[in-house]
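how does the following fold in three dimensions:
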Amino acid sequence: MTPELRSYPDPSTLAQAVAADWLASLGQSLKRPPGDQPYAVALSGGRIARDFFTEIARQSQKSKGVYRDIFQRVHFFWADERCVPPTDPESNYRVARELLFEPLNIPAGQIHRIRGEENEALALRDAVENICAVAPPKLGKGPPVLDLIFLGMGEDGHVASLFPGEPPEVMASPDIYRAVTAVKPPPRRITMGYGVLAAAQGVWVLASGKGKEQALRESLAPQGKTPLARVLRSRSGRETRVYTDMMTG
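The predicted model follows:
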C-alpha cells in the first residue's frame, strides 16, 4: 500500500495545508467520548517544522475561538530530540515551545519533552514511561500507539534520528526510544524506534527542501533503502501521508 502523496509549490503553502488538515482531523478525533485516552501526537524538528508550528498557531488564533478547546486533550511527545538543554538553539522542544506551545497556551502537563540534557539512561526511562502512560501498548504489549506522528525527511532520507547504515539487528530493535550517534551535529540524540512509527494510527511526513528530491524518490520506490522507505513499507493499512514541495517524477 503506497502512501498518499500531496504536492505543493513551496514550503509556505505546504505548511498551511498540513496545519489546516491537522486542525480538521483534530476536530474529528476529539469528538470521541471524554473517557477515552488522550490524543497523543509526536513532533519532529527541522526547517519545515518551524513553518508548520507557526501556521498552526496562526490558524488557531485567527479562528476567533473555534479551536480554543481543541488542544485540551492533546498530549505532545517527540519523534526525536538532541541531547542538549531545553534552552539550546538545537533543541526541538525549544522550537515547539516558542512557536506553538506558548502562543496557544498549552498546559505544561500535556507537554512531555525528552530530557536530552540528562544522563541518557535516565532520559530514556523518563521518555518511555511518559509515552506509555498516555498512549499505552495495545493489550499491554508491543509499542505505544500514538494518534499521529509528524516526521521530516533529511537529504539522506533519514526520519526522526534514524539514519542510513544501521545494522539490521539495530533497526529491528523493539526499543520505544533509543540513543543514537547521528552523522550530523549535534551527534548524540534520542529517537523513536521503527516499531513505534509502524504502530501509530497516522504518520504524516513533511518532505521539504532543496536537494532532497532523490531521497524522496528512493523512499517512495517499492524497494527503497532509506529509513523513510522502511517506515512507509511498515505502515500497510494505516494512514500515511507524504506532503512535499518537491517534484518526484
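
make it CA atoms for all contacts and neighbour counts henceforth
OK.

let me know the pLDDT of residue 1.
On the pLDDT scale, residue 1 is placed at 61.

with residue 72 instead?
Residue 72 carries a pLDDT value of 86.

helix, strand or coil for it?
Using DSSP: H, G, I helix; E, B strand; the rest coil, the structure places residue 72 in coil.

and it, what is it in contact with?
By C-alpha atoms under 8 Å, 6 or more residues apart in numbering, the contact set of residue 72 is residue 106.

which element is residue 18 on?
Following DSSP states H and E, one finds residue 18 within helix 11-29.

equivalent analysis for residue 190, please.
Element membership of residue 190, judged by DSSP H and E, is strand 188-192.

all strands of this protein, in order?
Remark: strands assigned in the chain by DSSP state E are 4-7, 39-43, 74-78, 80-82, 148-152, 177-181, 188-192, 202-207, 239-244.

hmm, back to that, for the strand holding residue 190, packing partners?
For strand 188-192, the packing partners by 3 or more C-alpha pairs under 8 Å, 6 or more residues apart in numbering; DSSP states H and E come out as strand 80-82, strand 177-181.

how about the CA coordinates for it, as PDB?
C-alpha atoms of strand 188-192 as PDB (Å, rounded to 0.1, in the frame of the first residue of the first chain):
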ATOM      1  CA  ARG A 188      24.100  12.400  20.500                       C
ATOM      2  CA  ARG A 189      20.300  12.100  20.100                       C
ATOM      3  CA  ILE A 190      17.300  10.100  21.400                       C
ATOM      4  CA  THR A 191      15.000   8.800  18.800                       C
ATOM      5  CA  MET A 192      11.800   6.700  18.500                       C
END
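
looking at the strands of the chain, which is nearest to residue 131?
Closest approach to residue 131 among the strands of the chain (C-alpha to C-alpha): strand 74-78, 7.3 Å.

contacts for the closest one?
Contacts for strand 74-78 (C-alpha under 8 Å, 6+ apart): 38-44, 110-114, 131, 134.
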